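Trainee: show me how the following folds:
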Amino acid sequence: MEELYFLNDGTYELDAGAYFGIIPKALWSKHFNDNNNKIRITTNIPYLRINNVNTTIDAGIGNSFSDQFKKIFRPEKNNDISRSLTEDYHLKSLDNIILSHMHFDHAGSIFSSSLLFKRSQIIMQTKELKAFRHPNNFTRGSYIHKKIYGNIKALEGTAKINGNISAVNTGGHSEGHMVILFNINSKKYMYGGDLFPSAFHIKPYYIPAIDSYPVQTMKMKRKLLKKAINENISIIFNHDTNNLMAKVYGSTDKPELEFHGN
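Mentor: Model (predicted):
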């Protein structure tokens with residue numbers, strides 16, 4: 001049995017300059033409402049149930065916020081993946097958490113001592129684990145500095161996780177960022193992580209200012225867009241409040257989107 005659901009772990013505010021980088025406000029303001037130059041973004045999380053193995057791709061923002069975090073990011077937990085998994089899907093423990101990367105808005109629940117998460121296998125890139133453990137002045141604010149629960153499985157580059165799921169080590173946004181490809185009921189999906197945080201960011205050169213290696217991001221976006229177009233893959237946007245996913249057509253430099261549900 002193969003099932004795909006979508007969870008949400010709430011919203012938070014991010015500085016517009018961080019989210020849009022060099023994209024002029026005259027362009028992005030047509031699509032986004034800003035509050036004192038802050039953009040409220042969401043956390044869309046795929047939940048896969050394949051042969052009774054339960055997996056999420058990324059782990060949301062979690063539930064442990066310092067006063068400083070609340071002041072800067074103003075999180076709103078109108079949705080919670082922990083509550084959804086236990087109450088809606090009746091899980092006692094989650095088998096796998098695949099992390100696109102370890103920034104605070106993607107890895108929050110791996111720092112939870114809840115039985116739901118602490119027995120999970122946490123899958124990430126070795127490079128990302130190293131970046132988390134040894135941040136620099138540019139990256140330090142993006143990571144949560146707490147104990148990781150669960151069992152870590154570190155990948156070395158692009159790898160197949162199981163028969164349905166594979167990971168492409170992209171770099172770009174962070175040292176060990178990866179995009180996750182998976183098949184459910186003969187349909188192909190791509191979880192773009194922060195290479196494609198929203199539908200607006202679909203163009204290769206629409207890159208957030210917080211990317212550690214923006215030229216690498218642009219290179220990988222072109223490569224992944226070509227794959228999505230040629231193989232009829234739906235791209236999932238993890239931070240888009242209005243558009244969960246879309247099929248891509250056209251060309252890599254001028255991609256067009258057709259929005260749809262799962």
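Trainee: counting neighbours, what do you get for Asn33?
Mentor: Residues near Asn33, counting by other Cβ atoms under 10 Å, number 7. Yep, even glycine has a C-beta here, placed from its N, CA and C like the rest.
Trainee: so for it, what's the pLDDT?
Mentor: If you check Asn33, the pLDDT there is 89.
Trainee: give me the neighbour count for Ser234.
Mentor: Neighbourhood size, Ser234 [other Cβ under 10 Å]: 20.
Trainee: what does Gly176 give?
Mentor: Counted with other Cβ under 10 Å, Gly176 comes out at 24.
Trainee: likewise Asn136?
Mentor: Neighbourhood size, Asn136 [other Cβ under 10 Å]: 9.
Trainee: so it versus Glu175, what's the distance?
Mentor: From Asn136 across to Glu175, the span is 10 Å (Cβ to Cβ, to the nearest Å).
Trainee: can you check His106 too?
Mentor: 14 Å.
Trainee: likewise for Met1?
Mentor: Counting by Cβ to Cβ - Met1 and Glu175 are separated by 36 Å.
Trainee: C-terminal to the host helix or strand of Tyr249, what's the next element?
Mentor: Here Tyr249 sits within strand 245-250, counting by DSSP states H and E. Going down the chain from strand 245-250, the next helix or strand is strand 255-259, by DSSP H and E.
Trainee: neighbouring contacts of that following strand?
Mentor: 199, 202-203, 225, 229, 243, 245-250 (Cβ atoms under 8 Å, 6 or more residues apart in numbering).
Trainee: near Lys187, how many other residues are there?
Mentor: Neighbour number of Lys187 under other Cβ under 10 Å is 13.
Trainee: in the lengthiest helix in the chain, what's buried?
Mentor: Longest helix in the chain by number of residues (criterion: DSSP state H): helix 214-231. For helix 214-231, the neighbour count (16 or more other Cβ atoms under 10 Å) marks 214, 216-218, 220-222, 224-225, 227-229 as buried.
Trainee: so which of these comes closest to Leu129?
Mentor: Ranked by distance to Leu129 (Cβ to Cβ), these are led by Gln216 at 18.7 Å.
Trainee: next up, the contacts around that closest one.
Mentor: Going by Cβ under 8 Å, 6+ apart, the list of residues near Gln216 reads 170-172.
Trainee: how about 10 Å then?
Mentor: 170-173, 175, 177, 195, 207 (Cβ atoms under 10 Å, 6 or more residues apart in numbering).
Trainee: equivalent analysis for Arg222, please.
Mentor: Neighbour list for Arg222: 203-205, 251-253, 255 [criterion: Cβ under 10 Å, 6+ apart].
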